[in-house]
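K.L.:
could you look at this predicted model? Sequence included:
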Amino acid sequence: MSQNQPTIAPQPGIMEIALYQGGAAKVAGVENVVKLSSNENPFGPSDKAREAVVRAAHSLHRYPNTDHAGLRAAIGAVHGLDPERIICGVGSDEIIHFLCQAYAGPGTEVLFTEHGFLMYRISAHAAGATPVQVAERDRVTDIDALIAGATERTRLIFVANPNNPTGTMVGLPELERLARAVPQAILVVDAAYAEYVEGYDGGAELATRLPNVVMTRTFSKIYGLGGLRIGWGYGPRPIIDVLNRIRGPFNLSQAAMDAAEAAVRDRDHVARCQAENARMRAWLAEALAEKGVPSDTSCANFILARFADEATATACDEALKAEGLIVRQVAGYGLPHCLRITVGDEASCRRVAHVIGQFMAARAGVGA
């Protein structure tokens, strides 16, 4: 090769991105595994959503509509929101990416907390912005730390509420205090798990009232449509208009839109999933606490089990995998001594508690 051959290099920041690792779904040598690593709804989607996908199969040769009008209208009707202030994307991940692409860039900063969703850092780097991480307080978002961490270069502040992987959350008055303290930045309330919190609007009222608040939501969690990749955002008209200018015209398939519309309108299915998750979440947290494995009060569909150290957490993960139970190690989130465990159905929760109980008893016996 000629020494004068030019070097083909990506934009600055791209090579700083560590490839995202999704929750594992297989264990070598083990069949019939129970996947509790990706916070999926163990009951799957609504029957009405399944039926919508079957009907959509007859028109797969047609391009989907570009404005998502039907889905936006359904979301607006269910949540009492203006459909003109809603944007739909390929999961809420795409909305996060749009926000960084549109509002961040070289010379700017994107702010988030130390245990926040990994996509905040990835999307910031992809836009050429500088990701800035601030400490949490006992695994809870610290609003004062975020305010102190903001500078004149801060353009976006991401707060997952409830947070993943901690399951903790802060109150809406605290989020409003943050938005008002940093008016030059957009506060993005990532409310992927909002449906698991009774009486919580995910930040919708703040995004209606304040000019610098955007809420993101997803159909991947309680609606059980992770495989179709559908999310949405809601915020001030000027910001949503900007995001739509960079959104691909056919970013969602018609099957995905039809399924999401049916899912959001099936409130009975959502209510059943909410009730069962709350019941088993409380049971699992208490059962593990009794076995010497504490967790913070979770407001989502998972618990963050804490162990004495990383070695113990890793060993427990191996014990669970040996029994076909896949949970999530979260060292990548700065929590190497923890395991994030999705709240599954009752049988799965009881199996997890049993295996962890056996592991902790054996560990105590070895140390005795």
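P.N.:
Received it, and whenever you're ready, just let me know what you need.
K.L.:
for the rest of this, base every contact and every neighbour count on C-alpha atoms.
P.N.:
Fine.
K.L.:
and residue 137, how many neighbours?
P.N.:
Residue 137 is flanked by 12 other residues according to other CA atoms under 10 Å.
K.L.:
ok, residue 199 to residue 215 distance?
P.N.:
Plainly put, residue 199 is 16 Å away from residue 215 if you go by CA to CA, to the nearest Å.
K.L.:
ranges for the helices of the protein?
P.N.:
In the chain, the helices defined using DSSP state H lie at 47-56, 69-79, 91-103, 118-126, 143-149, 172-181, 204-209, 237-246, 254-265, 267-290, 310-322, 346-367.
K.L.:
more neighbours: residue 199 and residue 215, which one.
P.N.:
Neighbour totals were compared for residue 199 and residue 215, and residue 215 leads with 29 against 8 (other CA under 10 Å).
K.L.:
how much space between the more buried one and residue 201?
P.N.:
Distance, residue 215 to residue 201, by CA to CA: 10 Å.
K.L.:
how long is stretch 126-143 from one end to the other?
P.N.:
26 Å.
K.L.:
which one of the helices of the chain lies nearest to residue 162?
P.N.:
Ranking the helices of the chain by proximity to residue 162 (CA to CA) places helix 172-181 first, at 11.3 Å.
K.L.:
next, count neighbours for residue 346.
P.N.:
Residue 346: 17 neighbours (other CA under 10 Å).
K.L.:
quick one, what contacts it?
P.N.:
Residue 346 sits next to residue 280 when contact means CA atoms under 8 Å, 6 or more residues apart in numbering.
K.L.:
pLDDT score for residue 60?
P.N.:
Note for residue 60: predicted pLDDT of 94.
K.L.:
equivalent analysis for residue 30, please.
P.N.:
Here the pLDDT value assigned to residue 30 is 71.
K.L.:
nearest residue to it other than its sequence neighbours?
P.N.:
residue 324 (6.1 Å; CA to CA, 6 or more residues apart in numbering).
K.L.:
next up, the contacts around the one you found.
P.N.:
Counting by CA under 8 Å, 6+ apart, residue 324 touches 27, 30, 31, 32, 33, 34.
K.L.:
pLDDT value on it, please?
P.N.:
95.
K.L.:
that one and residue 348, how far apart?
P.N.:
For residue 324, the distance to residue 348 - CA to CA - is 10 Å.
K.L.:
overlap of the contact sets of the two?
P.N.:
Both residue 324 and residue 348 are in contact with residue 34, where contact means CA under 8 Å, 6+ apart.
K.L.:
for the residue nearest to residue 30, give its distance to residue 354.
P.N.:
The gap separating residue 324 from residue 354 is 13 Å, by CA to CA.
K.L.:
tally of neighbours for residue 64?
P.N.:
Neighbours of residue 64 under the rule other CA under 10 Å: 18.
K.L.:
how about it: what's its closest non-neighbour residue?
P.N.:
Per CA to CA, 6+ apart, closest to residue 64 is residue 254, 4.8 Å.
K.L.:
so which of the contacts of residue 324 comes closest to residue 88?
P.N.:
The shortest approach to residue 88 among the contacts of residue 324 belongs to residue 34, at 30.9 Å (CA to CA).
K.L.:
that closest one and residue 348 touch, don't they?
P.N.:
Yes: between residue 34 and residue 348 there is a contact under CA atoms under 8 Å: 7.2 Å.
K.L.:
so what's the nearest residue to residue 41 once chain neighbours are set aside scoring on pLDDT?
P.N.:
Nearest residue to residue 41 in three dimensions, chain neighbours excluded: residue 224, at 5.2 Å (CA to CA, 6+ apart). As predicted, residue 224 sits at a pLDDT of 97.
K.L.:
could you report the neighbour count for residue 224?
P.N.:
For residue 224, the neighbour count with other CA under 10 Å is 23.
K.L.:
separation between residue 145 and residue 111?
P.N.:
Per CA to CA, residue 145 is found 10 Å from residue 111.
K.L.:
restricting to C-alpha, output stretch 76-87 in CSV.
P.N.:
The C-alpha coordinates for stretch 76-87 follow below in CSV (Å, rounded to 0.1, in the frame of the first residue of the first chain):
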residue,chain,number,x,y,z
GLY,A,76,-52.8,11.0,22.8
ALA,A,77,-56.3,9.7,23.6
VAL,A,78,-55.1,7.3,26.2
HIS,A,79,-52.7,9.7,28.0
GLY,A,80,-54.6,12.9,27.4
LEU,A,81,-51.8,14.4,25.3
ASP,A,82,-51.8,16.5,22.1
PRO,A,83,-50.9,14.1,19.2
GLU,A,84,-49.1,17.0,17.4
ARG,A,85,-46.5,17.0,20.2
ILE,A,86,-45.8,13.2,19.9
ILE,A,87,-43.0,11.6,17.8
